[in-house]
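Turn this into a model:
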Amino acid sequence: MTAHGDGERRRRTVTARDPRHARSIFRQRTTRSSVQSEGVPNSTSTRLPGSFVRVGWSSVLVQSSEQIALAAAPLAAVLILAASPSETALLQLAQTAPFLLCAIPIGVLVDRVSRKAVLIGSEALRAVTLAVLVLLITAETLDYTWLLVLGLVGAIGTVGFSVSAPAVVPLLVSRDRLTDANRWLELGRSAAFIGGPAAAGALVSLSGAPAAFAVGTVICVIALTLLVRLDVPPVPSAPRRHILRDLRESAAFAARSDVLRPIIVTAIVFNTGWFVIQAVFVVYAIEHLSMDAATVGLTLGGYGVGMVTGALIARRVATWLSIGRMTLLGPIGGFAAALALAATLVAPSPLLAGAAFFLFGVGPVIWAITTTSLRQAITPFEMLGQVSSLLVMATYGARPIGAGLAALVAARWGVAACLVIATVIFAAQLVYVSCSALPRLTELPPAPVSGHTQA
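Presented below is the predicted three-dimensional model:
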C-alpha cells in the first residue's frame, strides 16, 4: 500500500465517523475538480467538467424526446383514435399531474439514494413507455386508455429527471461555474422547445405517429448511455430521519431563506400569469388579430427564439450586471411582454404579439439560469432534491390555476380581460421581486455549512 493509499484510507475512516468532516472533504473535492493542473480556476476556462457535459447532453436529449412525445401524443389521439377535445384535454392532464403528485416524493428519494440511479431509472421509464406505444400502434391495438396510462407513467419519469438533474449539477461543477453550467442546460432546453414539436409534426405527417414515438425512444436510449457512464460523487451521508421531518425542515429552510422564498413565490405568480395568456392566446390571435394558423405558429415560435437568445446572451449580461440585478430581468421581461400583448387590444398587430412572445422567452430564461445557480449554491447537498421538488411543484402547480382563472375571466368578461389581468399579475411579480432581497445580491451567497440550518 502506498503512502497515498494510506492517507486515502485514513480520510475515508474519518469521513465515516464525522459527517461534518465528510461535508468539508466533499466541498474540497468539488472545488478541486474545477481547478486545472496549473492551478488556474476553471472559471477562466471555457471547458466544463466531462461528467457535467454528459449530464448536459443527456438533458438536451431528454428534453428533445419529451417535446416530441408531448406533441405526438395528442396528434396520435386525434388521428388514430379520433379523440374528442375533452379527451385530449384529459390526456394533457395525465401528462402534467405527476409534476404535482410526484415531485415531492421523488425529491425525498433523490436525497436518500443514488442520484445517478434516479436519473437512469427515470429515463429508462420514459424509454419503456415510448417503446410500448410504438409496439401498440404498430400492432394496431392502441386504445385511449393505453395512451392515457402510458402518458401518465412516462411523465413520472420526466418528473424524476427534472428533480434529480438540478440536484446533480452542484456535485459536478464548482460554485463559480454554476451559472455557466445552467446556461448550457437552458440553451439545450430552448433548442428542444423549438425543434421538438416541429420534428414531431413532420414525423407524424410524413411517416405516422409510430415514427415520432420511435425517434423519441431512440433519443431516450442515447441519453441513457450517457447517464450510465456518468460519475456522480456520493453525497456525504446524514443521519436517517423520518421522511416527514425532512420534508418539514426542507420547506422551512426554503420559507426562511431570503433567496429561495422570492424565487418560489415568483415562479408561482409568473406561471399563473403565463398560463392565463396561454389559455386564451390562440382564440384571441385568430378572432382579434386576424391571424391564420401559420401566423399563430410563427408568433408562438417567438417564445423559443427568445429562450435561445436569452441563453446565448446570459454570459455577456453577467459581465454587465450583478447576479442580483440579473434576477430582475425575468420579471421585467414578463411584464414588458404582457404589456406589449395588452397593447394589441388598442393597436392590433401580429408583429407586436410576436415581440411579446420573444420577450416572454428571453428575460425568463436569464432568470432561470441565475436563480437556479443561486438555489444550487445556497442549498445543502443533502437537501437539493427536496428543494428542487418544491420549485417544480410550485411551477407546475400554478399552471392549472392560471388556465382556470383564464376560463373564469373569459366566460364572464371576455378574452380581452384575460390579457389585462395577466398584465396586472406580471406587474405584481415585478414589484414583489424588486422589493425582495434578490436584487441586492452582488455575488453568490456563502455555501451552507450543513443541512437543516437557515439560509
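
remind me which residues of the stretch 101-250 of the chain are low pLDDT?
235-243, 246 (pLDDT under 70).

Let me see the ranges of the helices in it.
When secondary structure is read from DSSP state H, counting those that start in this stretch, the stretch 101-250 of the chain shows helices at 103-110, 115-138, 144-172, 178-207, 209-228, 243-256.

Rebuild those helices as a markdown table, extending it with distance to residue 389 and mean neighbour count.
Yep, even glycine has a C-beta here, placed from its N, CA and C like the rest. Shown next, in a markdown table, are those (distance: least, CB to CB, whole Å; neighbours: other CB atoms under 10 Å):
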| stretch | distance to residue 389 | mean neighbour count |
| --- | --- | --- |
| helix 103-110 | 3 | 23 |
| helix 115-138 | 11 | 21 |
| helix 144-172 | 5 | 22 |
| helix 178-207 | 17 | 20 |
| helix 209-228 | 19 | 22 |
| helix 243-256 | 9 | 16 |
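
what's the closest of these to residue 326?
Closest approach to residue 326 among the helices of the stretch 101-250 of the chain is made by helix 178-207 (8.9 Å; CB to CB).

and the closest one with helix 209-228, angle?
Counting by axes from the mean of the first three to the mean of the last three CA atoms, to 10 degrees, helix 178-207 lies at 150 degrees to helix 209-228.

orientation of helix 178-207 relative to helix 144-172 in degrees?
150 degrees.

packing partners for helix 178-207?
Applying 3 or more CB pairs under 8 Å, 6 or more residues apart in numbering; DSSP states H and E, one finds that helix 178-207 contacts helix 50-79, helix 144-172, helix 209-228, helix 293-320, helix 350-378.

try it again with 7 Å
helix 50-79, helix 209-228, helix 293-320, helix 350-378 (3 or more CB pairs under 7 Å, 6 or more residues apart in numbering; DSSP states H and E).

pLDDT (mean, whole number) over the last one?
Per-residue pLDDT values across helix 350-378 average out to 88.

what comes up buried for the helix or strand that it is followed by?
Tracing the chain C-terminally past helix 350-378 and defining elements by DSSP states H and E, one meets helix 384-413 next. Along helix 384-413, these residues count as buried under the neighbour rule (16 or more other CB atoms under 10 Å): 384-400, 402-403, 405-406, 409-410.

Quick check: next helix or strand after helix 384-413?
Immediately after helix 384-413, counting by DSSP H and E, sits helix 415-435.

show me what contacts residue 375?
260, 263, 387 (CB atoms under 7 Å, 6 or more residues apart in numbering).

thinking again about what came up before, in TSV, list the helices of the stretch 101-250 of the chain along with distance to residue 83.
Output for the helices of the stretch 101-250 of the chain, formatted as TSV (distance: least, CB to CB, whole Å):
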stretch	distance to residue 83
helix 103-110	27
helix 115-138	14
helix 144-172	6
helix 178-207	14
helix 209-228	12
helix 243-256	38
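
Apart from its chain neighbours, what residue comes closest to the most centrally placed residue in the chain?
Central residue of the chain (CA atoms, centre = their mean): residue 162, 6.0 Å from the mean position. Leaving aside its chain neighbours, residue 162 sits nearest to residue 392 (5.7 Å; criterion: CB to CB, 6 or more residues apart in numbering).

confidence score at residue 402?
83.

That one and residue 419, how far apart?
13 Å (CB to CB, to the nearest Å).
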